[in-house]
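Asks: I need the structure of the sequence given here:
(chains A, B and C)
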Amino acid sequence: MLRYLRLHRIFISQYLKRLMEYKTDFLLGAIGLLIAQALGVLFLNIIFSAIPALEGYTFEEVLFIYGFSLIPKSLDHLFFDNLWMVGYSIIRKGDFDKYLTRPINSLYYVIVERFCVDAFGEMLTCVLLLIYSVPKLSLPFYWYTIPLLLVVIVFATMIYTSLKIITSAISFWTKASGHITHMLYMTNDFAKYPVTIYNKAVQAVITYVIPFAFTAYFPASYFLTGRDPLFCIGGTVVAGTALFLLAVFVWNRGLKAYESAGS
Amino acid sequence: MENMIYVENLRKEFKKIIKEPGLKGSFKALFKPHREIVTAVDGISFEVRKGEILGFIGPNGAGKSTVIKMLTGILTPTSGVCRINGKIPQDDRKNYVREIGVVFGQRTQLWWDLALRETYAVLKEIYEVPDDRYHQRMAFLNEVLELDSFITSPVRTLSLGQRMRADIAASLLHSPKVLFLDEPTIGLDVVVKENIRSAIRKINEEEGTTVILTTHDLSDIELLCERIVMIDKGRKVFDGGLSKLKGEFGQMRTFSFELQNAEDIRKLGYHDHFKLSDDDLSLSVSGKSVSVKFNTDKVKVEDIISYTLSSVHIKDMEIRDVEIEEIIKRLYKREVSV
Amino acid sequence: MTRVRRFFRTYIPFSRAGVQELIAYRVNFLCFLIGEIMSAFIMFFVWKAVFNSTGEKAFMGFTMEDMVVYLFISFLTGYLTYSDGAFSIGEEIVDGSIAMRMIKPCSFDMCFLFQELGNRLISIAMIFVPIVAGVEIYRYVITGVLRFDIRFFLLYLLSLVFAYLISFYFNVCYGFMAFFFKNLWGTSLIKETLVSFLSGAVIPLAFLPKGLALVLNFLPFASLSYTPVMIYMGMYSVSQIIYSLLLQLFWLIVMYLLSKLVWRSAVKRLSVQGG
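Replies: Predicted coordinates:
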């Protein structure tokens, strides 16, 4: 375990060295993500200029949920972005061979190899949104609020990452699955808004099938109101754990099916 | 001596989607993809002794890389057994790969954007090589592979020859017991090839590393390998030493001589005289020099010589064994039955 | 006439390649489509909540039915006018294979155009009819009257063609930017988010502050999505339609000329680099 953490540190430091070489690329990527999120906020701003509340949620509350949704999303993006490449090219081109000839866990290896600084664009939006909204909301605060928040962040990120692992692992059978990851990833936008605006079917899907609702709305609403901790926080923990176990299982099955690429 | 590698009845099947050509074929594939099972490796068995250098050869698509990938734990065999140093690669991959080094000539395993030195530092951590051992190892690899001149350059800026040396060094950092080299000399010039061959020989001699190498360059085989396993269409077609290969398939000889008179060539009618086909006898002429390649199973050496001497006047003459390359070419073309 | 025939004989194979490419990657295409249409549904729910919250029938001149038509038709328009030729150009510039295109005896942009048209053909067959039919059925069920107007629809198609060509040449220009930024990921993200906002794909331009809306209406981005959608919805008067079609034509010519200009300077640069 310690060895793995040390390796991760080495990979990140190597990555930062590389970063210096491609400064503009990373800067542009981060700016792009920042603009994308900022326009989303602008959109909310325009809507709220005409209505006082959205299905009972005030502007600040919606911004809080929106900002909260970016915490696990940006963390997943920052640390585990290389999974995209697994589905898009690594397996199709046979480059996955390299990960299998090393004496470390292949999933761990492929994940830590890249560290995606572009995510700072999302992170910045997230921080700005929370800085703006939190003081305007009277959030219930207890001694365990912060530790609980940290726990939620870990498990919410696990939900994102596990879903990416599962969809990327599909390419062990199909050679490429980046588009499936993309499709699933698009659903995460559902989590940016209060789930009460959706109909029952959509709510059920994003709660129980692709549980993105547990990455933002449910935990965020607990921190907003202090109500229903068992479902809101417990659900995130359960969903994160279950998906992660499933992801590891699928990945390992996939390794057995891996066919490499013709010489 | 004990066996380092033991392979028995190894098989690997792939599913393949067959697409018919053209627009029509594309539409068909859209609704009803046609799947076929392709057997890439079809029951191969062989053993490799400790410290041996084994040449693994065969035409393109014969299944060489697939075998190597099963031996290195990348692919899971459909059936059959492979055991390396008593371990089955797929059973405990992570521990197994500590004992082997792998180089794929076609693609680097180094980090494209990192300086070479950094790459080794990362590998040191991955393989948990202790500091003192690492320094000692780097000094040795430096000496054998001459990495010094480019060790601070990013991998993407290395020439192909430098990159290959760097890749081989990377695969040896953790002192593996077995080294797998998949086309280590592909695309390199003669000097670099020689460089790499001598490095492989040195490592094999000094550390007793068992080496399996695939190649299309037969000088690699002649200069490095004591033994060859040849496969074709997923099956083993030959297993043995170079001398055995020559003994078994080397019934071809070349008889070369120089005519005193270039026009005399018309007087020579080997095919008609001996009633042989082109497969068993072939003639090549350039100016006054002539060489006749013939199958000693079909016609005796003396007969060829005496027929020649009785027909024309010649200056020099020489009889040679056919080169290994020629034998292998014939094997690939399936001219020699096994 | 023979010249026209020869023109098509030269470029139709590119379209065929486009169709084959799409079929080969059909699953990718489908997943991508589903992923994209998902965002239209998210917006649908957001707007539904907005209309529920106002308590009024109309929001800045749009009823909920209008909004649904707007969302899905602008999704359709955006999807059909999306041009990724730029990315191929950029990639070919970065890896140097653009040289292979220059030695072929055909016009560079036409190859891309016809390849993409082939690709688009299947998309049109697969999503155009379902979305238009879906939207119209929805409108009919909610309002009780059939609002589909063939005249507006035909004008929409015309406007759509203009929009696609503007998008195509705009992206050709952008693709050549790869000469300056070696990497296209970051810039294309910026480009796409900005374009989708400025073209009204995210929020109708009419909802923006007056001055801003006026400027954006004139810029070429509105021609990409907002204009055709407004025509489809029958939101524009005859004079507005004529004005906006002419504006589209204007931008098309500008983009076309610009792409030629950029291409010429890019070729020069290419020979300077020796790549």
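
Asks: Confirm B:F46 sits in a strand?
Replies: Yes - according to DSSP: H, G, I helix; E, B strand; the rest coil, B:F46 belongs to a strand.

Asks: show me what contacts it?
Replies: B:5, B:7, B:229, B:236, B:239 (Cβ atoms under 8 Å, 6 or more residues apart in numbering or on different chains). For glycine as for every other residue, the C-beta is placed from the backbone atoms N, C-alpha and C.

Asks: pretty sure the third one is touching B:G241, no?
Replies: No - with contact defined as Cβ atoms under 8 Å, B:V229 and B:G241 do not form a contacting pair (11.1 Å).

Asks: Looking at those two, which one has more neighbours?
Replies: Set B:V229 next to B:G241 and count neighbours by other Cβ atoms under 10 Å in any protein chain shown: B:V229 wins out with 25 against 12.

Asks: Would you tell me what helix or strand the more buried one is located in?
Replies: Assigned by DSSP states H and E, B:V229 belongs to strand B:227-232.

Asks: B:I196 now?
Replies: helix B:190-207.

Asks: Quick check: buried residues in that helix?
Replies: Using 16 or more other Cβ atoms under 10 Å in any protein chain shown as the burial criterion, the residues of helix B:190-207 that qualify are B:192-193, B:195-197, B:199-200, B:203-204.

Asks: which one of these is nearest B:I186?
Replies: B:K193 (9.7 Å; Cβ to Cβ).

Asks: Roughly how far does that closest one sit from B:D220?
Replies: 7 Å (Cβ to Cβ, to the nearest Å).

Asks: just the helices in chain A please.
Replies: Assignment of helices within chain A using DSSP state H yields the ranges A:2-21, A:23-48, A:59-79, A:82-85, A:97-100, A:106-112, A:120-133, A:145-169, A:171-174, A:178-186, A:200-204, A:217-225, A:229-257.

Asks: out of these, which comes closest to B:V178?
Replies: Taking the helices of chain A one by one with Cβ to Cβ, helix A:97-100 is closest: 15.6 Å.

Asks: Is any residue of the closest one near chain B?
Replies: Yes - on the criterion Cβ under 8 Å from any Cβ of the partner chain, helix A:97-100 is in touch with chain B at A:97-98, A:100.

Asks: So which of the residues you listed wins on neighbours?
Replies: A:D97 (24 neighbours).

Asks: From one end of stretch B:79-95 to the other, what's the distance?
Replies: By Cα to Cα, to the nearest Å, the extent of stretch B:79-95 from end to end equals 22 Å.

Asks: which stretches of the chain aren't confidently modelled?
Replies: Let's take chain A. For chain A, the stretches with pLDDT under 70 are A:21, A:261-263.

Asks: The chain in question should be chain C.
Replies: C:1, C:24, C:85-88, C:90-91, C:93-106, C:178-185, C:269-275.

Asks: Contact distance from chain A - what residues of it qualify?
Replies: C:27-29, C:31-32, C:34-36, C:38-39, C:41-42, C:45-46, C:48-50, C:52-54, C:59-60, C:181-183, C:185-190, C:193-194, C:197, C:202-203, C:207-208.

Asks: Got a quick PyMOL command for the buried subset of those residues?
Replies: Per 16+ other Cβ under 10 Å, the buried members of the residues of chain C next to chain A correspond to this PyMOL selection:
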select buried, chain C and resi 28+29+31+32+34+35+36+38+39+41+42+45+46+48+49+50+53+54+59+181+183+185+186+187+188+189+190+193+197+202+203+207+208
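
Asks: Next step: the residues of chain C next to chain A restricted to strands.
Replies: Using DSSP state E, the subset of the residues of chain C next to chain A located in strands is C:F59.

Asks: in chain B, what secondary structure element scores lowest on mean pLDDT?
Replies: Here the helix or strand of chain B ranked lowest by mean pLDDT, DSSP states H and E is helix B:22-31, holding a mean of 64.

Asks: Do a quick rundown of the strands in chain B.
Replies: B:3-18, B:34-49, B:53-57, B:79-84, B:100-104, B:178-182, B:210-214, B:227-232, B:235-241, B:252-259, B:281-286, B:289-295, B:314-321.

Asks: Now tabulate those in JSON lines and tack on distance to B:V67 and mean pLDDT.
Replies: Output for these, formatted as JSON lines (distance: least, Cβ to Cβ, whole Å; pLDDT from 0 to 100):
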{"stretch": "strand B:3-18", "distance to B:V67": "7", "mean pLDDT": "86"}
{"stretch": "strand B:34-49", "distance to B:V67": "6", "mean pLDDT": "88"}
{"stretch": "strand B:53-57", "distance to B:V67": "7", "mean pLDDT": "91"}
{"stretch": "strand B:79-84", "distance to B:V67": "9", "mean pLDDT": "91"}
{"stretch": "strand B:100-104", "distance to B:V67": "13", "mean pLDDT": "91"}
{"stretch": "strand B:178-182", "distance to B:V67": "10", "mean pLDDT": "93"}
{"stretch": "strand B:210-214", "distance to B:V67": "9", "mean pLDDT": "93"}
{"stretch": "strand B:227-232", "distance to B:V67": "7", "mean pLDDT": "88"}
{"stretch": "strand B:235-241", "distance to B:V67": "10", "mean pLDDT": "87"}
{"stretch": "strand B:252-259", "distance to B:V67": "29", "mean pLDDT": "84"}
{"stretch": "strand B:281-286", "distance to B:V67": "34", "mean pLDDT": "83"}
{"stretch": "strand B:289-295", "distance to B:V67": "32", "mean pLDDT": "85"}
{"stretch": "strand B:314-321", "distance to B:V67": "30", "mean pLDDT": "81"}
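
Asks: and of the contacts of B:F46, the nearest to C:P228?
Replies: Nearest to C:P228 among the contacts of B:F46: B:V7, at 65.0 Å, using Cβ to Cβ.

Asks: Output the contacting helices and strands for whichever helix or strand C:E65 is part of.
Replies: Assigned by DSSP H and E, C:E65 belongs to helix C:64-81. Helices and strands touching helix C:64-81, by 3 or more Cβ pairs under 8 Å, 6 or more residues apart in numbering or on different chains; DSSP states H and E, are helix C:26-54, helix C:108-123, helix C:129-143, helix C:150-176, helix C:220-224, helix C:226-233.

Asks: my read: A:P72 touches A:K164, true?
Replies: No - applying Cβ under 8 Å, one finds A:P72 not in contact with A:K164, separated by 11.8 Å.

Asks: Looking at those two, which has the bigger crowd around it?
Replies: A:P72 (29 against 24).

Asks: Any residue of stretch B:8-18 touching chain A?
Replies: Yes - Stretch B:8-18 reaches chain A (Cβ under 8 Å from any Cβ) through B:F14.

Asks: residues of that stretch that come out buried?
Replies: Under 16+ other Cβ under 10 Å, the buried positions of stretch B:8-18 are B:10-14.

Asks: From the chain's centroid, how far away is that stretch?
Replies: 21 Å (Cα atoms, centre = their mean, to the nearest Å).

Asks: what's it in contact with?
Replies: Residues contacting stretch B:8-18 (Cβ under 8 Å, 6+ apart): A:259, B:29, B:33-45, B:63, B:66-67, B:70, B:75, B:77-82.

Asks: Any quick ChimeraX command for the buried ones out of these?
Replies: Applied in ChimeraX, the following selects the buried portion of the contacts of stretch B:8-18 according to 16+ other Cβ under 10 Å:
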select /A:259 /B:29,40,41,42,44,63,66,67,70,75,77,80,82
